[in-house]
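1. When you get a sec, could you give me coordinates for this:
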Amino acid sequence: MPRNRVRSSLMLALGILLPNLGAGGGCPAGLPGLGGPPAALIGTWRAQFVDPTFGAGQVELIIQANGTFQQQTAYAAGALITIFGTVRVIPEQAILRLDTQGGVPQQTCGPLGCTDILYPSETHNYTLPNANNLTTHNINCGPTECTYNYVRIT
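-> Just a heads-up that it's a prediction; the model follows:
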């Protein structure tokens, strides 16, 4: 990967991930009654968004029956970030927890060398208004930020 693209990916990753660094390991209280059955989350989900700093993007979230996930975020400017790990769902509290185990890119490199990128886990409130729509809100963001309206792809 060209050095300027890795640097751009790191800046993008930091812009996305810094608000999540205080997330901690536990699941906070959610919004009672707003979730849905965990099995209904299995599948591939896609959402479009506009980030105020990085512009237009698309996120694809794949939740598998074995309790794993992969999330790929692509920006119109060319940056691509993939994270993966395990999923925990607490439907009675509407909590979707993505326990991140790794991601790509794995490092960012600059004039002083390379640094590993550590991807934090994410906790979301979620709603399933029907079988083909999923809305998530990252609990570490403000009420008008980090809300994604996904459409089921598979």
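2. and the end-to-end length of stretch 114-123?
-> For stretch 114-123, the separation between the terminal residues is 29 Å (Cα to Cα, to the nearest Å).
3. buried set for it?
-> Applying a neighbour-count criterion of 16 or more other Cβ atoms under 10 Å, one finds I117, Y119, P120, S121, E122, T123 buried in stretch 114-123. No exception for glycine: its C-beta is placed from N, CA and C like everyone else's.
4. what would these look like in CSV with distance to T144, secondary structure and pLDDT?
-> Formatted as CSV, the entries for those read as follows, by distance: Cβ to Cβ, whole Å; DSSP: H, G, I helix; E, B strand; the rest coil; pLDDT from 0 to 100:
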residue, distance to T144, secondary structure, pLDDT
I117, 27, coil, 94
Y119, 24, coil, 95
P120, 21, coil, 95
S121, 23, coil, 97
E122, 18, strand, 96
T123, 18, strand, 97
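5. And these, which is closest to A47?
-> Proximity to A47 was ranked across those by Cβ to Cβ; first place goes to E122, at 14.1 Å.
6. Please name the nearest non-neighbouring residue to that closest one.
-> Once its chain neighbours are removed from consideration, E122 has its nearest residue in L98; the separation is 4.5 Å (Cβ to Cβ, 6 or more residues apart in numbering).
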